[in-house]
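Undergrad: Need a 3D model of the following:
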Amino acid sequence: MVKCVSILGSTGSIGRQSLDIISRLPEIRVAALTAGTSVERMAQQCRDFQPELAVMATREAAEALAAEIKELPIRVSYGEEGLVEAATIASADCVITAVVGMVGLKPTLAAIRAGKRIGLANKETLVCAGELVMAEAEKNHVEIIPVDSEHSAIFQCLMGSGEKKEIKRLILTCSGGPFFGKSKEELSKVTKADALKHPNWKMGAKITIDCATLMNKGLEVIEAMRLYRMPLEQVDVVIHRQSIVHSMVEFVDGAVMAQMGTPDMRLPIQLALTYPERIACPVDGLDLLTCGSLTFSKPDTDHFPCLALAYRCAKQGGTACPAMNGANEEAVAMYLRDEIGFYDIYRLVSSAVEEVPFIPNPTLEEILETDRLAREAVRRLSKS
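TA: Got it, this is the predicted structure:
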């Protein structure tokens, strides 16, 4: 079990649930918290958990927070420099990376180089720079414990399983999102409010839209490749509407191991903090007699082409993945501002991927530049 934690993105869904778990584990204290611009929520978290450092996205938000908590002995910082400081603060032995998007890449790399355990909830880190990140983790002997429910499920299925050559494939489950089974005509008319109604999980807006397009599952396929060092051909996706089986591993002898449970992110969050131990968790246990039938089906990549696009980018490698991710972040942000339609997300992302120059073996600087160019391409293409 870890002793002291920094949480990057503490006011978001994963961050708040991480603090809920920590509030029940007196053995763990909080070293640093970071947030975007949610000053009031961050101020309350500072009062509740007394971190050494609190970081906001902007100077204005940091100044507002400092005024709110002036009676507390907490240092306040802001921006990317503050994020990196929170990720490398000496007292923390674990960093939960719960920020959304490419903003998590630099602080995650910094935390790895500082020897911290990573509770990874920021999938973009591995999607965009997985080879670099995993090489740094290996070099610095750092544990990366996934917090995403699907990757935590695979992690749990592989605990004590033996050698990688025994694995036939990883099977990521997918709820299908709020639009499962809808026709293209129906999908052309869906609203943002419809897209934000996930059937099983309560998550932030960006990831919820990604679930609606199935891009989230595509990002998870790439993340699984990187995290478990598996060929793309050995990572599959199945639709599982009930979100009870969180993912599975099939072994070469035909055995399939699945991790099952109620859809509650606190279980994988707690495991990232207590691994290799398991302790009692506040999550409701799974009742097999009342959870209903469990069904599985093939993803529909015709109606939801973002998943197929992610597979193509994963196969291409290089800067195709960071181009896709950056373009998707920009397109989803535009969709959430009601500037484009549902299918415009795929149209803009796929066009941006084709437009941005491809680099087969990019450096970190080239990955960051690809991200910038992809976002710029989406903004330009949206006007045409």
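Undergrad: what about Leu170, which SS state?
TA: State at Leu170, reduced to three classes by DSSP: H, G, I helix; E, B strand; the rest coil: strand.
Undergrad: How about the contacts made by Thr295?
TA: For Thr295, the contacting residues are 240-242, by Cβ atoms under 8 Å, 6 or more residues apart in numbering. Heads up, the C-betas are built off the backbone N, CA and C, glycines and all.
Undergrad: again, only this time at 7 Å
TA: 240-241 (Cβ atoms under 7 Å, 6 or more residues apart in numbering).
Undergrad: repeat for Leu232
TA: By Cβ under 7 Å, 6+ apart, the contact list for Leu232 reads 225, 311, 314-315.
Undergrad: Now with 6 Å, please.
TA: Going by Cβ atoms under 6 Å, 6 or more residues apart in numbering, Leu232 touches 225, 314-315.
Undergrad: Would you map the strands across this protein?
TA: Secondary structure of the chain (DSSP state E): strands at 4-8, 29-34, 53-56, 75-78, 94-97, 117-120, 144-146, 167-174, 235-239, 245-251, 256-260.
Undergrad: Pull up the pairing partners for the fifth one, direction included.
TA: Using DSSP bridges, strand 94-97 pairs in its sheet with strand 4-8 (parallel), strand 117-120 (parallel).
Undergrad: that older thread, kindly reformat the strands of the chain as a markdown table containing mean pLDDT, mean neighbour count and distance to Val378.
TA: Compiled in a markdown table, the strands of the chain are given as follows (pLDDT from 0 to 100; neighbours: other Cβ atoms under 10 Å; distance: least, Cβ to Cβ, whole Å):
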| stretch | mean pLDDT | mean neighbour count | distance to Val378 |
| --- | --- | --- | --- |
| strand 4-8 | 98 | 28 | 25 |
| strand 29-34 | 98 | 24 | 26 |
| strand 53-56 | 98 | 26 | 27 |
| strand 75-78 | 98 | 19 | 27 |
| strand 94-97 | 98 | 28 | 25 |
| strand 117-120 | 98 | 26 | 26 |
| strand 144-146 | 97 | 24 | 28 |
| strand 167-174 | 97 | 22 | 25 |
| strand 235-239 | 98 | 20 | 25 |
| strand 245-251 | 97 | 22 | 30 |
| strand 256-260 | 97 | 17 | 36 |
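Undergrad: and these as a markdown table, adding distance to Val190?
TA: Shown next, in a markdown table, are the strands of the chain (distance: least, Cβ to Cβ, whole Å):
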| stretch | distance to Val190 |
| --- | --- |
| strand 4-8 | 32 |
| strand 29-34 | 33 |
| strand 53-56 | 34 |
| strand 75-78 | 37 |
| strand 94-97 | 31 |
| strand 117-120 | 31 |
| strand 144-146 | 30 |
| strand 167-174 | 18 |
| strand 235-239 | 18 |
| strand 245-251 | 26 |
| strand 256-260 | 30 |
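Undergrad: Quick check: which of these is nearest to Asp302?
TA: Of all those, strand 235-239 sits nearest to Asp302, with 13.6 Å by Cβ to Cβ.
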